[in-house]
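Q: Fold the stuff below for me.
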Amino acid sequence: MMMHPNLLTNLYPEELYKIKPKVSVVIAKPWNKLTEDETTLLHKILAAVKLSLPAVQIITRGEFSLDSFRNNPPSHIIAFGAAFQNSNKMYENISVDGTSVVVAHDLGLLDDVRKKNLWITLKQIFHS
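A: Here you go, the predicted model:
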């Protein structure tokens with residue numbers, strides 16, 4: 001039995017194997033030092049943009065740059081309490097080399113005004 005050659009060329013398209021870059025969350029203090037309220041808040045923030053902890057990469061750093069991610073660049077970075085070396089802007093979408101970065105205060109320091117500013121920026125990034 002002979003198969004038509006065109007049937008095999010589209011059997012497994014490359015797009016099927018292309019892994020989407022993850023969203024990275026950078027926190028300034030170690031995961032085991034976060035309070036229960038802080039981890040709950042992080043869960044809620046991620047859920048608001050239709051993400052979960054297993055869907056993101058958690059990184060602990062006091063400061064970061066995109067060079068830290070050069071081997072596997074994320075599509076988005078959300079930082080809490082960590083300084084972004086390329087900019088000192090907070091609660092704004094910073095686009096660098098195709099990666100959207102938003103920097104916020106530490107999870108424990110997010111009051112209602114800061115949460116609102118963060119939500120406005122996250123809505124622009126994830127729901128556009």
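Q: how about Leu110, what does it touch?
A: 41, 80, 104, 118 (CB atoms under 8 Å, 6 or more residues apart in numbering). No exception for glycine: its C-beta is placed from N, CA and C like everyone else's.
Q: Narrow these to those in strands?
A: When the contacts of Leu110 are checked against strands (DSSP state E), the matches are 80, 104.
Q: which of the contacts of Leu110 has the most neighbours?
A: Neighbour counts for the contacts of Leu110 (other CB atoms under 10 Å) peak at Phe80, which has 24 neighbours.
Q: which residues does the closest residue to Ile94 other than its chain neighbours bridge with?
A: In space, and not counting its chain neighbours, Ile94 is closest to Val101: 4.4 Å by CB to CB, 6 or more residues apart in numbering. Beta bridges link Val101 to Ile77, Ile94, judged by DSSP bridges.
Q: same check, this time on Val23
A: Applying DSSP bridges, one finds that Val23 bridges with Val56, His76.
Q: picking that back up, for the residue nearest to Ile94, the count of nearby residues, please.
A: Val101 has 24 nearby residues by other CB under 10 Å.
Q: In the protein, where is pLDDT below threshold?
A: Applying pLDDT under 70 to the chain flags residues 1-21, 128.
Q: Quickly note the distance from the nearest residue to Trp119 once chain neighbours are set aside to Leu122.
A: Closest residue to Trp119 apart from its sequence neighbours, by CB to CB, 6+ apart: Ala48 at 6.9 Å. Using CB to CB, to the nearest Å, one gets 7 Å for the distance from Ala48 to Leu122.
Q: which of these two has more neighbours?
A: More crowded of Ala48 and Leu122, by other CB under 10 Å: Leu122, with 22 against 15.
Q: now that one, what's its secondary structure?
A: helix (DSSP: H, G, I helix; E, B strand; the rest coil).
Q: do Ile59 as well
A: Criterion first, three-state DSSP; result for Ile59: strand.
Q: Please tell me I have it right and it contacts Ile27.
A: Yes. Checked against CB atoms under 8 Å, the pair Ile59 and Ile27 is within contact range at 7.5 Å.
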